[in-house]
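# Sequence and predicted model, in that order:
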Amino acid sequence: MCEDTRELMEEVASLSPKLSVETFDFVADAAVAAQYGIDKIPAIAVVRTDAPVTNRGVRLYGIPSGYEFSTLIEDIRLVSTGDLGLNAQTLQELDALPGPIDIQVFVTPTCPYCPRAVLLAHRLALASDKVNASMVEATEFPQLANRYQVYGVPRTVVNDVIHVEGAVPEDMLMGKMKVLDDAPALFKLRQRWEANLN
Amino acid sequence: MNLNLSNSGLEQPGANYDVIIIGGGPAGATAALYTARAELRTLVIDKGLGSGALGITHKIANYPGILGDISGADLLQRMRQQAESFGATFLQDKVQSVDLMAETKTVFGNSGVFTARAVIISTGSMGRGQRVPGEDELLGRGVSYCATCDAAFFKGQTVAVAGNSDEAVEEALFLTRFAKQVHLLSPTPELKAPAELVHEFASKPGAIVHPGAALRAVEGDGRVENIRFATRHQGEQTLPVSGVFIYLQGGRPITDFLQGQLQVSETGCLVVDAEYRTPLPGVFAVGDVLCNHVKQAVVAAAEGAVAAMAVEKQLHGRKQLAVDWAK
């Protein structure tokens, strides 16, 4: 899949002089992977070339095919324009939440409403430096799908312990993430999550 | 590379349609007839002729202008053909979710993502009321409403599909490509889906049809392990499955795909003004999905006509409804 992903990125980049692709080897360029917080492949980081390197932001794990191709294109637009379209309350709530926040959105390429869930997570990552948001193609990473017990998509997983089914609206996801600011509730969720792992 | 880039909704910038009508019953089909005739690019997304209240009605004798008995499906087919003759497009698909807050409305179906400047909701009232025990708790843990999305997680496993509509059988058919065994539980002795579709499903290896089987519960510890269902002759039984895909119908307005973007009344219906406008700009609702609505095909059709004129008024910036655009 890595070769197909590289080819796809090069084809997309050839469409505009504003786009460029840099390809890294996960093993030989481990330091670069670490800088971008990449822990599995194939991986795509959509970043502005004029922005500092960071291990947070917009990531796509697995080839963005099927419906997820539209996510990639929209990601490029979001990163480029910064026009995120999040409402003011979301931004306020996000600002108040403790970081770091890691959001993984599990998808399949045949899921028409998965892009909506991924793009919401990616918008949050672009709105706040404390958020990292990744699309994870569940069939390409079965070990992760198993770890998070994904049997339906989209499934949004926040900091391992908050699990949200479906492409929920912005205010609903923010509502679910409020628990990040509630230490006792978060502790219970983590305990339950760890018990499930064993 | 075969990346299946079609239907990604990105082929055309901006809105693909002027108006998308969700639900192709008498309200939706009549709205489509009027918007298409007003030269608005019109898409109707509908789950299938037999998915709504009119489509499954055996005889209609009180639809004005139609003498003698006609089946609901035949009457609906005529309405659709009339709308198509003016340029409306009908697509058989199920709307999974929508984004109605922005100026351009986005509609997410199983087969694609569609955008429009206005949306008319005419989804009717054959939605489910009560869920079966275990369904909510095991959602995403083996309970699913989208086989297209989730079938890949059930490779080589045994699954059940509950429902008797075109949609239920099509999803069951899709699942036969992945699962080892697919049990189709029809709540009625006869399925409502076309016989050829049922036959196509039944002829697949591992396909089993259970007529008159009522889904009673979904069970499992953290993930689906069994379902319980009852038939008149054999009583209640337990079937070990790892997934259950639910497409059952009932008597409640279908609004779940809105995910709270529009408020519903206590009885679950949508509230509109005299021009069938919902509180969201560019979003209209007609037919059985409404509160204070008389459940008759002719009433639904009339509401569809008025809403279509209101859409046209809005999109063309008119101050008043235009009644006949041909003049």
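Done, it's in.

# longest strand anywhere in chain B?
Longest among the strand segments of chain B by residue count, using DSSP state E, is strand B:113-121.

# Is any residue of that strand near chain A?
Yes: applying C-beta under 8 Å from any C-beta of the partner chain, one finds strand B:113-121 touching chain A at B:Val113. C-beta: built from backbone N, CA, C; applies to glycine.

# pLDDT on the helix or strand that that strand is followed by, on average?
Next along the chain after strand B:113-121, taking DSSP states H and E as the criterion, comes strand B:143-144. For strand B:143-144, mean pLDDT is 96.

# now swap in stretch A:47-58 and tell me
On average, stretch A:47-58 scores 88.

# Just checking the distance from it to the centre of its chain.
14 Å (C-alpha atoms, centre = their mean, to the nearest Å).

# what's the span of it from first residue to last?
7 Å (C-alpha to C-alpha, to the nearest Å).

# Over to stretch B:167-183?
15 Å.

# Tell me which other helices or strands the longest strand of chain B touches.
Packing contacts for strand B:113-121, counted by 3 or more C-beta pairs under 8 Å, 6 or more residues apart in numbering or on different chains; DSSP states H and E, involve strand B:17-22, helix B:26-37, strand B:42-46, strand B:105-109, strand B:283-285, helix B:297-315.

# Reformat those as CSV; add distance to chain A and mean pLDDT.
What follows is these, written out as CSV (distance: least, C-beta to the nearest C-beta, whole Å; pLDDT from 0 to 100):
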stretch, distance to chain A, mean pLDDT
strand B:17-22, 14, 98
helix B:26-37, 20, 97
strand B:42-46, 12, 97
strand B:105-109, 4, 89
strand B:283-285, 15, 98
helix B:297-315, 22, 96
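
# Nearest approach to A:Pro142 belongs to which of these?
Distances from A:Pro142 to each of those were compared using C-beta to C-beta; the shortest belongs to strand B:105-109, at 25.5 Å.

# what's the closest one in contact with?
By C-beta atoms under 8 Å, 6 or more residues apart in numbering or on different chains, the residues outside strand B:105-109 that reach it are A:112-113, A:116, A:167, B:9, B:15, B:20, B:22, B:45, B:91, B:93-99, B:113-119, B:282-283.

# picking that back up, the longest strand of chain B versus strand B:17-22: what angle between them?
60 degrees (axes from the mean of the first three to the mean of the last three C-alpha atoms, to 10 degrees).

# Check the chain and tell me which residue is nearest its centre.
As the question left the chain open, I've gone with chain A. A:Ser134 (1.6 Å; C-alpha atoms, centre = their mean).

# My question was about chain B, not that one.
B:Lys47 (4.2 Å).

# Run through the residues of chain A sitting next to chain B.
A:4, A:7-8, A:63, A:65-67, A:69-70, A:73, A:85, A:108-116, A:138-139, A:145, A:149-153, A:155, A:163, A:165-169, A:172, A:196.

# Could you turn the buried ones of the residues you listed into a ChimeraX selection?
Filtering the residues of chain A next to chain B down to the buried ones (16 or more other C-beta atoms under 10 Å in any protein chain shown) takes a single ChimeraX command:
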select /A:8,63,65,66,67,69,70,73,108,109,110,111,112,113,114,115,116,138,139,145,149,150,151,152,153,155,163,165,166,167,168,169
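
# Could you list which of the residues of chain A next to chain B belong to strands?
Under the assignment DSSP E, these contribute A:Arg155, A:His163, A:Glu165 to strands.

# These into JSON lines, with extra columns for distance to B:Ser203 and pLDDT?
Listed next are these as JSON lines, based on distance: C-beta to C-beta, whole Å; pLDDT from 0 to 100:
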{"residue": "A:Arg155", "distance to B:Ser203": "34", "pLDDT": "96"}
{"residue": "A:His163", "distance to B:Ser203": "39", "pLDDT": "93"}
{"residue": "A:Glu165", "distance to B:Ser203": "34", "pLDDT": "91"}
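
# which one of the helices and strands packed on strand B:113-121 is the most hemmed in?
Sort the helices and strands packed on strand B:113-121 by mean neighbour count, taking mean count of other C-beta atoms under 10 Å in any protein chain shown, and helix B:26-37 sits at the top with a mean of 30.

# and the longest strand of chain B, how far from the chain's centre?
With C-alpha atoms, centre = their mean, you get 15 Å for strand B:113-121.

# likewise stretch B:43-55?
Distance of stretch B:43-55 from its chain centroid, counting by C-alpha atoms, centre = their mean, is 6 Å.

# same thing with stretch A:47-64?
Going by C-alpha atoms, centre = their mean, where stretch A:47-64 is centred and where its chain is centred differ by 10 Å.

# So which bits of it are buried?
For stretch A:47-64, using 16+ other C-beta under 10 Å, the buried residues are A:Val47, A:Arg56, A:Gly57, A:Val58, A:Arg59, A:Leu60, A:Tyr61, A:Gly62, A:Ile63, A:Pro64.

# residue ranges for the helices of chain A, please.
Assigned by DSSP state H, chain A shows helices spanning A:2-13, A:30-35, A:68-81, A:88-96, A:114-127, A:142-147, A:170-177, A:183-197.

# List phi and psi for B:Glu200.
Per-residue torsions, B:Glu200: phi -60, psi -40 (degrees, to the nearest 10).

# shaky segments in the chain?
Because you didn't say which chain, this covers chain A. A:198 (pLDDT under 70).

# that's the wrong chain, I wanted chain B
Looking at chain B by pLDDT under 70, you get B:1-15, B:324-327.

# Enumerate the residues of it near chain A.
B:1, B:3-5, B:8-10, B:96-97, B:99, B:102, B:106, B:108-113, B:139-144, B:146, B:148-154, B:222-224, B:242-243, B:259-261.

# out of the residues you listed, which are inside strands?
B:Gln96, B:Ser97, B:Asp99, B:Thr106, B:Phe108, B:Gly109, B:Val113, B:Val143, B:Ser144, B:Gly243.
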